[in-house]
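**Student:** quick one, what's the 3D model for this:
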Amino acid sequence: MSSVRFSDGPTPQSPQAGSSGAGTALEDAPAPLSSQVKTGLPTRVEVPDTRELAAQFEDEKPGRALTGPVGLLVTGTTVAIALLAFLQVVQPFAQGSKYYLIIFLAGVLPMVFLAYPADLPTRPRTRPAPTLADRSGPAGRARSAGPTLPDWALAGTALVVCLYPVLPFTVGGGGGGYDAFLDRQGLLVGLDLAMGTVLLLLLLEACRRTTGWVLPAVCLLFLGYGYYGGLLPQSWPVAHAGLDFGQLVDAFYNSDNGFYGTPLDVAASYIVLFTIYGAVLDLSGAGRFFVELSAAAFRRSRTAAGRTAVASGFLLGTVSGSGAATTIGIGAVTWPVLRRAGYPAERAGGMLAAAGVGAILSPPTLGAAAFIIAEYLGVSYLQVLGWAIVPTVLYYLGILLSVEIDARRSGVRPVVLETGSPWRLLGRFGYHFLSLLVITGLLALGVSATKAVVGATVLAAALSFLDRRYRLTPARLVEALGTGVRGVLAVSAVCAAAGIITATTTKTGLGPQAAALLISAAQAVTSDPALVLALTALLAAVALTLLGLAVPVTASFVIGWVIIGPALLDLGVAAPAAAMFVFYFAVLSEVSPPTALAAVAAAAVTGGRLVPTMWQTLRYALPAYLIPIAFVITPTGLGLLGIGGPQRIAVAAAVCALSVAVLAVAAGGWLPGVGPVGVPERILGALAGLTLLWLEPVPVTVGAVLAAAGVAGVLVRRGSAGRTGEPSATPTVHHGEEKQ
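**Tutor:** Residues are numbered from 1 along each chain as shown. Sure thing, here's the model as predicted:
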């Protein structure tokens, strides 16, 4: 694969125009894409292992680097789990999917205790951004240490309690096989209750190790509500008749809404297969190709550096499906280029984080919660992908417009990317797109998502032999399978623990009660149905954002769907719109201050200040916060999900594209092709953009008029400045900092 080199181009707008440098190269080597970046700047930026760095910012990534016999044991087990997942697609267990989930959890949960140390601190999002050097400190040594004796004890206990439901012989009235266990639903014996209680505690500990204290605390809160809710005054809307501990354990352990409910089913049936597919695609060289293709596509553009970072984020999202990991991956390669172009560290970090989070929002491999949407609504995964297309386009439109505006407002220097033709790259390495097309094509033909991704994985592995540097030999194939399953260990524990929330909500009826409270809060402000819906959507957005700050994306979606989803449905919002609304705000926890995992990861790469990086990320990701409200508050908004016919889709997409453009100008303070935007015009633009999101004739007309007035104001201001000979207010760049 051809290498990509970056060199300075002529820059009449920059005080540094005409300067030369050695350039930056992405070496052509068989090492992974993210292994090393060399630059001709005074200092060299090296990222020895971006996977290790990404793990510091991920909710659902392993914490230990295991070697020796323990490493072989974990690798062997994870490969066995991968093969089991593939076998379940080809030849499902005759006993049914729940039997498979029991076996799957019995393989996964013990590995969590071996892969994650017990002293893992609370979620990294609550700590300052670590630098690359931090990995050699005490925390890094803890991640490299092997399992302790208590870890082995917990792993063994997890294996026993997970396999107990399929125990083939009777013990103290319990056991007796899978069918006997199911027959005791609602009539659990003492041993059943003991095993269910131990599994409950183990899942809470697994979540604590992988995500910190917050999610276990939330689960315990729901558990306490289920047990003590009967003591609440019965006049309270959230009061219920009360459940004893045995009923709760039965609901968790021996029902379809508990540990072995839809979330774990999705993790074991979909997420693990797509994660393996991503690992195979990455090891076959696809990630490297996507970055080089992005560089080649924009090599002669004035904003080549920024466009390359954004395009790389979109394409690499097909490999990782993870916001923080994608941010680290593109940052390792493109940050030296952005720095050479003159981007301040905080602005570059915001761009990288926003582009990385787009990976979870972009087809064809959305985040884990997207598979749960398909299961909850009983639709195909292809339909969920279809719902995400227009919002994804609008999201990246907003980022690209911000990139163009920043390049002019900040006086960013053009950087010439010395690379080959994109057509040449496509001709030689375009086969990396084939497996993605296969997934989409098979889904369109009605093939299940699991079979589609298995076929795509096999194809990607076969195509790897077209490049001798990335051939998936047996050893590398084992690495891909092991990496894929290790990437799903924590999310499996989270999904199983989410059964505590879903089962409690189902048994107590909390969902409808919470929905009624949310709607009542909106109705206390206004009685107009349209305003009640809009206010409920705003309250729901705030609640989901706050929830996402505390728990991982998958758990955030599950909680939001069972608590907030019913409120939207009760107000007449279509199920697809309600589900995608909850999904988007669950994902946006990755970029929402004051936690913003993706922004923290970006700051670790660029060395920028953390809080300014978060706010820059928020500015770039603004469309993702606003578009979901648009497809909830009006029926026309369904067009943004591709629902309602070509005319509705076209109108909704065009109006929202205008809204995104106006908001980008208002946030960036620059009108492309004209010049700087004053404060009054920025206020008009912000009002116009927000008004346009209400996709009804009158608000759209008002928004268009406000936008036109803002543009006219900019033109008048520029004309006045030209006649009076006043200097323009174009900012300049000095030592990497923006000055007005």
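
**Student:** every contact and neighbour count from this point should use C-alpha atoms.
**Tutor:** Noted.

**Student:** what is the neighbour count of the spatially closest residue to P676 that is not a sequence neighbour?
**Tutor:** Leaving aside its sequence neighbours, P676 sits nearest to W670 (C-alpha to C-alpha, 6 or more residues apart in numbering; 4.4 Å). Neighbours of W670 under the rule other C-alpha atoms under 10 Å: 25.

**Student:** buried ones in stretch 154-163?
**Tutor:** 154-163 (16 or more other C-alpha atoms under 10 Å).

**Student:** ok, stretch 565-573 next?
**Tutor:** 565-569, 571, 573.

**Student:** show me what contacts A540?
**Tutor:** Contacts for A540 were tallied using C-alpha atoms under 8 Å, 6 or more residues apart in numbering; they are 518, 564.

**Student:** how close does it sit to F429?
**Tutor:** The spacing between A540 and F429, counted by C-alpha to C-alpha, to the nearest Å, is 45 Å.

**Student:** ok, P628 next?
**Tutor:** For P628, the distance to F429 (C-alpha to C-alpha) stands at 36 Å.

**Student:** what helix or strand is P237 located in?
**Tutor:** Under the criterion DSSP states H and E, no helix or strand holds P237.

**Student:** whoops, T440 was the one
**Tutor:** Secondary structure assigned from DSSP H and E places T440 in helix 434-444.

**Student:** ok, V702 next?
**Tutor:** Judged by DSSP H and E, V702 forms part of helix 697-724.

**Student:** next, the buried residues of that helix.
**Tutor:** Buried-residue list, helix 697-724, by 16+ other C-alpha under 10 Å: 699-700, 703-704, 706-711, 713-715, 717-718.

**Student:** need the helices for the stretch 501-650 of the chain, in chain order.
**Tutor:** 510-523, 529-550, 553-563, 565-570, 575-587, 597-606, 610-620, 622-633, 646-668 (DSSP state H, counting those that start in this stretch).

**Student:** out of those helices, which is closest to S97?
**Tutor:** Closest approach to S97 among the helices of the stretch 501-650 of the chain is made by helix 553-563 (20.3 Å; C-alpha to C-alpha).

**Student:** what about that closest one, average pLDDT?
**Tutor:** Per-residue pLDDT over helix 553-563 has a mean of 87.

**Student:** hang on, the earlier thing: most widely separated two among the buried residues of stretch 154-163?
**Tutor:** Counting by C-alpha to C-alpha, the most remote pair of the buried residues of stretch 154-163 is L154 and L163, 14.1 Å apart.

**Student:** quick one: low-confidence parts of the stretch 451-600 of the chain?
**Tutor:** 594-595 (pLDDT under 70).

**Student:** brain fart, the stretch 1-150 of the chain
**Tutor:** Using pLDDT under 70, the stretch 1-150 of the chain drops low at 1-63, 120-144.

**Student:** ok, the residue lying closest to L352 once chain neighbours are set aside to A604 distance?
**Tutor:** Spatial nearest neighbour of L352, excluding adjacent residues (C-alpha to C-alpha, 6+ apart): T327 at 5.6 Å. Separation of T327 from A604 (C-alpha to C-alpha): 10 Å.

**Student:** comparing the two, which residue is more hemmed in?
**Tutor:** Looking at T327 and A604 with other C-alpha under 10 Å, you find the greater number of neighbours at T327, namely 36 against 24.

**Student:** touching, the more buried one and A603? I think so.
**Tutor:** No: judged on C-alpha atoms under 8 Å, T327 makes no contact with A603 at a distance of 10.0 Å.

**Student:** how about P672, what does it touch?
**Tutor:** 404-405, 408.

**Student:** after the helix holding T440 comes which helix or strand?
**Tutor:** Immediately after helix 434-444, counting by DSSP H and E, sits helix 449-463.

**Student:** show me the contact partners of that following helix.
**Tutor:** Contacts of helix 449-463 (C-alpha under 8 Å, 6+ apart): 86, 89-90, 269-270, 273-274, 276-277, 280-281, 284, 380-382, 431-432, 434-436, 438-439, 442-443, 471-472.

**Student:** show me which of those residues are buried.
**Tutor:** If you count burial by 16+ other C-alpha under 10 Å, the buried members of those come out as 86, 89, 269-270, 273-274, 276-277, 280-281, 284, 380-382, 432, 435-436, 438-439, 442-443, 471-472.

**Student:** so L518 sits right up against A537, yeah?
**Tutor:** No: counting by C-alpha under 8 Å, L518 sits too far from A537 to count as a contact (9.7 Å).

**Student:** these two - which one has more neighbours?
**Tutor:** A537 (25 against 21).

**Student:** surely the more buried one touches T634?
**Tutor:** No: in this structure A537 lies outside contact range of T634 using C-alpha under 8 Å: 11.1 Å.

**Student:** P628 and F429: who's more crowded?
**Tutor:** P628 (25 against 19).

**Student:** could you measure that one against T457, distance?
**Tutor:** On the measure of C-alpha to C-alpha, P628 and T457 end up 32 Å apart.

**Student:** report the contact partners of C656.
**Tutor:** Applying C-alpha under 8 Å, 6+ apart to C656 gives the contacts 394, 627, 692-693.

**Student:** could you measure it against K451, distance?
**Tutor:** Distance from C656 to K451, by C-alpha to C-alpha: 36 Å.

**Student:** repeat for T67
**Tutor:** Relative to K451, T67 is positioned 33 Å away (C-alpha to C-alpha).

**Student:** so which bits of whichever strand or helix holds G685 are buried?
**Tutor:** According to DSSP H and E, G685 maps onto helix 679-692. By neighbour count on 16+ other C-alpha under 10 Å, the buried set for helix 679-692 is 681-692.

**Student:** as a markdown table, those with distance to F181 and pLDDT would be great.
**Tutor:** Below are these laid out as a markdown table (distance: C-alpha to C-alpha, whole Å; pLDDT from 0 to 100):
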| residue | distance to F181 | pLDDT |
| --- | --- | --- |
| E681 | 68 | 91 |
| R682 | 65 | 92 |
| I683 | 64 | 93 |
| L684 | 65 | 93 |
| G685 | 63 | 92 |
| A686 | 60 | 92 |
| L687 | 60 | 94 |
| A688 | 61 | 94 |
| G689 | 57 | 92 |
| L690 | 55 | 92 |
| T691 | 57 | 94 |
| L692 | 56 | 93 |
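
**Student:** what is the most widely separated pair among those residues?
**Tutor:** E681 and L692 (16.2 Å).

**Student:** give me the residue at the spatial middle of the protein.
**Tutor:** I360 (3.6 Å; C-alpha atoms, centre = their mean).

**Student:** element containing that one?
**Tutor:** helix 345-361.

**Student:** for the helix or strand just after that helix, list the C-alpha coordinates in CSV.
**Tutor:** Using DSSP H and E, the helix or strand that follows helix 345-361 in sequence is helix 368-377. Taking Å, rounded to 0.1, in the frame of the first residue of the first chain, the C-alpha atoms of helix 368-377 are listed here in CSV:
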residue,chain,number,x,y,z
ALA,A,368,-24.3,-2.2,20.4
ALA,A,369,-27.6,-0.4,21.4
ALA,A,370,-28.7,-0.5,17.7
PHE,A,371,-29.0,-4.3,17.8
ILE,A,372,-31.1,-3.9,21.0
ILE,A,373,-33.4,-1.5,19.1
ALA,A,374,-33.9,-4.2,16.4
GLU,A,375,-34.8,-6.8,19.0
TYR,A,376,-37.1,-4.5,21.1
LEU,A,377,-39.0,-3.3,18.1
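
**Student:** gap between helix 368-377 and the chain center?
**Tutor:** In terms of C-alpha atoms, centre = their mean, to the nearest Å, the centre of helix 368-377 is set 14 Å apart from its chain centre.

**Student:** what lies in contact with that helix?
**Tutor:** 262-263, 266-267, 270-271, 380-381, 384, 553-554, 557-558, 575-576, 579-580, 583.

**Student:** residue boundaries of the helices in the stretch 251-400 of the chain?
**Tutor:** 262-266, 272-283, 286-297, 304-320, 323-341, 345-361, 368-377, 381-409.

**Student:** now for the second one, which elements pack on it?
**Tutor:** Helix 272-283 sits against helix 68-90, helix 304-320, helix 449-463, helix 474-486, with contacts defined as 3 or more C-alpha pairs under 8 Å, 6 or more residues apart in numbering; DSSP states H and E.
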